[in-house]
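Novice: predicted model and sequence follow; I will ask about them next.
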Amino acid sequence: MDTTKITTTREHVLVTGAGGYIGSVLVPVLLAEGHSVIAVDRFFFGPAPAPAPGLEVVREDTRFLPRHLFKGVTRVIDLAAVSNDPTGAHYPDSTWAINHRARLRTARLAREAGVDHYMLPSSCSVYGFNPSCVDESSVPAPQTDYARANLAAERDILPLADTDFHVTVLRLATVFGLSPRMRFDLAINAMSRDGWKQQTVRLMRDGSQRRPFIHVRDVTEAFARMLAMPSSVLNKHIINVGSEALNIALRDVAMTVSQQLSRTCGTTVSTAFYGSADSRSYEVRFDRLRQLLGWLPGTSVATGVEEIVDALENGRTSDGPETIRLDWYRHIEQSAAQNTDLVMHGSLLRHPDDARPAAGQETPDTVSVLAGALR
Ligand SMILES: NC(=O)c1ccc[n+]([C@@H]2O[C@H](COP(=O)([O-])OP(=O)(O)OC[C@H]3O[C@@H](n4cnc5c(N)ncnc54)[C@H](O)[C@@H]3O)[C@@H](O)[C@H]2O)c1
């Protein structure tokens with residue numbers, strides 16, 4: 001990377017999903033770096049952040065963002081989403097409405113308002129499971145509504161990019177590590193919690209299957225580094241965000257959990273295999289991240305496991321129902337009468353207008369989607 005290109009401009013950043021697992025780590029980092037932040041979220045998983053210099057909190061649904069919100073904004077980080085496969089399978093209509101159509105709408109509003117740079121956090125899950133090592137030029141093979149909706153967002157938002165409106169897609173590896181809005185439905189976090197709580201790590205046979213991982217603080221560092229670069233350098237790029245060193249076999253994650261627990265709590269952890277042999281193993285290359293940013297994430301699985309176990313042990317985090325995304329959305333829906341403070345636009349996660357595209361029309365062209373996307 002040409003480091004002379006790094007700028008120190010203070011940006012005015014609109015972050016959607018600011019109250020989520022990644023967003024709640026990211027926003028304080030952006031503020032500490034001197035950027036001002038508009039933190040947008042429905043705050044399904046906990047209260048909005050406390051007031052802070054440079055921070056504006058907006059409780060709103062990304063399906064209904066008003067135009068005026070984008071005035072003066074220079075960059076958008078569009079994290080708000082239904083954030084995993086099981087939730088996507090349970091709420092497919094809302095997953096398409098939020099992950100695809102709302103993001104397309106947000107990108108369009110950003111472009112109209114003169115925002116310089118729109119960043120779309122997508123997922124390495126768009127690759128599906130591929131026997132070879134994949135990079136950004138590999139043909140995606142999304143297997144789920146969550147992955148298909150993310151891919152559709154990529155495909156419809158990237159063409160909005162031009163010389164004034166810059167678009168970057170970040171395909172994140174699976175995230176791990178401690179966050180104020182903890183998720184225990186992510187593989188490494190779940191294994192750490194299970195090892196600590198039950199002295200057993202559940203492992204799908206035979207454990208040799210590999211996945212790419214990244215620590216949540218490294219995700220925020222990737223965003224922070226991109227904000228410090230001229231957006232034109234990142235324009236129209238799809239970038240895998242992770243590192244080859246963290247393409248890790250699940251049995252090695254289990255081993256790390258076991259070693260860490262034995263060090264921290266003197267506990268012996270066993271592994272319980274389940275299921276039939278899982279052939280869904282894949283590895284991802286991160287050359288483009290290395291080339292464009294001159295950096296690769298380096299926080300180890302052991303560090304993530306250590307901080308999670310330590311936080312559980314010392315009561316600084318807990319594994320309440322909100323830490324499993326699907327369980328929590330179902331819970332607030334079933335107890336809607338007690339959760340009226342979470343209701344917006346007459347609904348919780350599901351809105352009556354939500355719809356998934358008809359079969360075979362999952363990546364509609366930009367123009368027709370935009371025509372229908374602006375409510
Ligand atoms: N965590 C991972 O392992 C991972 C991996 C790859 C990609 N990603 C992507 O990163 C993004 C953030 O992931 P996360 O782990 O922080 O998820 P998360 O579920 O913790 O956070 C999502 C946030 O979006 C909010 N939200 C959901 N629907 C909304 C709506 N319609 N309007 C306003 N706010 C809404 C929720 O309240 C929540 O705070 C997602 O787009 C996800 O797909 C995450």
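Specialist: Looks like it arrived, so ask away.

Novice: can you give me the end-to-end span of stretch 313-330?
Specialist: Using CA to CA, to the nearest Å, the end-to-end distance of stretch 313-330 comes to 28 Å.

Novice: burial check on the residue of the chain found nearest the ligand, number of neighbours?
Specialist: For the chain and the ligand, the shortest gap (CB to the nearest ligand atom) falls at Gly20, measuring 2.1 Å. In this view, the C-beta of every residue, glycine as well, is placed from N, C-alpha and C. Using other CB atoms under 10 Å, Gly20 has 25 other residues around it.

Novice: contacts only, for it.
Specialist: Residues counted as contacts of Gly20 (CB atoms under 8 Å, 6 or more residues apart in numbering) are Asp41, Phe45, Leu79, Ala80, Ser83, Arg181.

Novice: tell me which stretches of the protein form helices.
Specialist: Secondary structure of the chain (DSSP state H): helices at 23-32, 85-90, 92-95, 103-112, 145-157, 187-198, 216-227, 231-234, 250-265, 287-293, 301-313, 325-334, 366-373.

Novice: of all these, which lies closest to Val13?
Specialist: Closest approach to Val13 among the helices of the chain (CB to CB): helix 23-32, 5.8 Å.

Novice: the closest one vs helix 216-227, what angle?
Specialist: 40 degrees (axes from the mean of the first three to the mean of the last three CA atoms, to 10 degrees).

Novice: would you mind measuring from Glu60 to Ala102?
Specialist: Using CB to CB, to the nearest Å, Glu60 is found at 11 Å from Ala102.

Novice: which of these two has more neighbours?
Specialist: Taking neighbours as other CB under 10 Å, Glu60 and Ala102 compare with Ala102 leading, 25 against 17.

Novice: near the ligand, which residues of this structure are found?
Specialist: The chain comes close to the ligand at residues 17, 19-23, 41-45, 61-63, 79-81, 83, 98, 121, 123, 172, 174-175, 181, 183, 186, 325, as judged by CB under 6 Å from any ligand atom.

Novice: was I right about His215 contacting Phe176?
Specialist: Yes - the criterion here is CB atoms under 8 Å, and His215 meets it with Phe176 at 6.1 Å.

Novice: anything in contact with each of the two?
Specialist: Common contacts of His215 and Phe176 (CB under 8 Å, 6+ apart): Gly304.

Novice: of the two, who's got more company?
Specialist: Legend: neighbour count by other CB under 10 Å for His215 and Phe176, higher for Phe176 (28 against 25).

Novice: what sits against that one?
Specialist: With contact taken as CB under 8 Å, 6+ apart, Phe176 is in contact with Leu186, Ala187, Ile188, Asn189, Phe213, Ile214, His215, Val216, Val301, Gly304.

Novice: ok, it to Leu348 distance?
Specialist: With distances taken as CB to CB, Phe176 is found 28 Å from Leu348.

Novice: related to what we said a few turns ago, can you add neighbour count and give the contacts of Gly20 back as CSV?
Specialist: Converted to CSV, the contacts of Gly20 look like this (neighbours: other CB atoms under 10 Å):
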residue, neighbour count
Asp41, 27
Phe45, 23
Leu79, 26
Ala80, 28
Ser83, 24
Arg181, 20
